[in-house]
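Undergrad: one predicted model, sequence on top.
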Amino acid sequence: MTTQKKLAVVALGGNAIMQKGEEGNIHQQFANTRKTLDAIMELIRRDYRLVITHGNGPQVGNLFLMVEATRDMVPEIPLGVCVADTQGQMGYMIQQSLQNRLIREGYDRQVMTLVTQVIVDRNDPSFQNPTKPIGPFYTKEEAEKIQQERGWKMVEDSGRGYRLVVASPIPQRILETDVVSMLLEQEVIVIAVGGGGIPVVIEPDGTYEGVEVVVDKDYASSVLARDLHADLFIVLTGVDKIAINFNTPNQKTFDQLTIAEALAYADQGHFPPGSMGPKVKAAIDFLQQGGKEVVITSLEKVGEALEGKNGTRIVR
């Protein structure tokens, strides 16, 4: 009897694929996608079964702006369908880029993008309190003009500029988890819950209906990792380690945090909701519900983090 290989769920940020300061054209996004594969290959070389998830904040935000700009010329596309569109687009970029990398390095593994739905509660209070930033960054003056002209809620996002915010309910479960499991049994590398998944609610007759919100990709990734009983949940971000007093003379980074320590620092406001907050909460949720190991680090430091030489581990 063969021992089943360990399973890792890796959450990529949408900003890794469309980076600040770039136009964000498809050639740049493909180039950035190829750069992210160094981190993915670290896990493949260690023979993990693998699920890749990704954010889509910049991509879905831009698509939403395109929809708004052309609403007088073409039929409007709902926000949930925009999430589905970007799942396909970004999944294609990751899938093809990874397939090509595997071919070049001599690996015989298949890659598949799965259009994924995530169930949310129609009574989630976030429907009345939009907080999830999407789309490009604006100056304060630009944001005030957009808010006045279009009625959108614009907020300052972690010192990086102003962005549109939309409702973001907590994910309850991923509809296609069993399908992901079947693919993993065949050692297919699965790309799932892109952009946090397409948000749906359950109707009284048991059917599903899309809703006009977005789901945080770190929370959705945590739920998927939990339900797949993943051995390792990796959250990739723009910093090597978790820090408190970030970007101040008193900044302090951590090699390891307990759940209790992470919760205490979160309560003190060290992990903003638009950046590190969801990542830390997703990690804690995964561990509290039976998860084994969480690492939060940058794309560049995954190899070192897997060897315990970098990154931040959150432990029980």
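TA: Sure thing, it's come through.

Undergrad: so where's the stretch 201-316 of the chain shaky on pLDDT?
TA: Across the stretch 201-316 of the chain, the ranges flagged by pLDDT under 70 are 274.

Undergrad: what's the helix or strand where Ala262 lies in contact with?
TA: Following DSSP states H and E, the helix or strand that holds Ala262 is helix 259-267. The contact list for helix 259-267, computed with CB atoms under 8 Å, 6 or more residues apart in numbering, reads 242, 244, 257, 271, 277, 280-281, 283-284, 287-288, 314-316. Every residue, glycine included, has its C-beta placed from N, CA and C.

Undergrad: who wins on neighbours among those?
TA: Ala283 (30 neighbours; other CB atoms under 10 Å).

Undergrad: tell me the SS of it?
TA: helix (DSSP: H, G, I helix; E, B strand; the rest coil).

Undergrad: got the contact list for Arg34?
TA: By CB under 8 Å, 6+ apart, the residues touching Arg34 are Ser97, Arg101.

Undergrad: A strand includes it, no?
TA: No - Arg34: not assigned to a strand; according to three-state DSSP it is helix.

Undergrad: distance of it from Val235?
TA: Counting by CB to CB, to the nearest Å, the separation of Arg34 from Val235 is 21 Å.

Undergrad: one more: Val9?
TA: 9 Å.

Undergrad: what touches both of the two?
TA: By CB under 8 Å, 6+ apart, the residues touching both Val9 and Val235 are Ser221.

Undergrad: which strands or helices does the strand or helix carrying Gln99 pack on?
TA: Taking DSSP H and E as the criterion, Gln99 maps to helix 79-104. When contacts are defined as 3 or more CB pairs under 8 Å, 6 or more residues apart in numbering; DSSP states H and E, helix 79-104 packs onto helix 26-45, strand 49-54, helix 57-69, strand 111-113, strand 189-191, strand 198-202.

Undergrad: to Ile296, which of these lies closest?
TA: Smallest distance to Ile296 across these (CB to CB): 12.8 Å, for helix 26-45.

Undergrad: now do that closest one and helix 57-69, the angle between them.
TA: For helix 26-45 against helix 57-69, the angle by axes from the mean of the first three to the mean of the last three CA atoms, to 10 degrees is 150 degrees.

Undergrad: domains of this structure?
TA: 7-119+172-306, 130-166 (the TED database).

Undergrad: which parts of the last one are buried?
TA: The neighbour-count check on domain 130-166 (16 or more other CB atoms under 10 Å) flags 130, 132-138, 143, 146-147, 152, 154, 157, 161-166 as buried.

Undergrad: do stretch 258-272 as well
TA: Those would be Ile259, Ala262, Tyr265, Ala266, His270, Phe271, for stretch 258-272 by 16+ other CB under 10 Å.

Undergrad: do a quick rundown of the strands in the stretch 151-300 of the chain.
TA: Using DSSP state E, counting those that start in this stretch, the strands of the stretch 151-300 of the chain run over residues 154-156, 162-166, 171-174, 189-191, 198-202, 208-210, 232-237, 243-244, 252-253, 256-258, 294-298.

Undergrad: can I get those in TSV including distance to Gly88?
TA: Formatted as TSV, these follow (distance: least, CB to CB, whole Å):
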stretch	distance to Gly88
strand 154-156	28
strand 162-166	20
strand 171-174	17
strand 189-191	10
strand 198-202	11
strand 208-210	15
strand 232-237	21
strand 243-244	35
strand 252-253	37
strand 256-258	36
strand 294-298	27
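
Undergrad: which one of those strands lies closest to Ile52?
TA: Closest among those, using CB to CB: strand 189-191, at 4.8 Å.

Undergrad: elements contacting the closest one?
TA: strand 49-54, helix 79-104, strand 111-113, helix 177-185.

Undergrad: try 10 Å
TA: helix 26-45, strand 49-54, helix 79-104, strand 111-113, helix 177-185 (3 or more CB pairs under 10 Å, 6 or more residues apart in numbering; DSSP states H and E).
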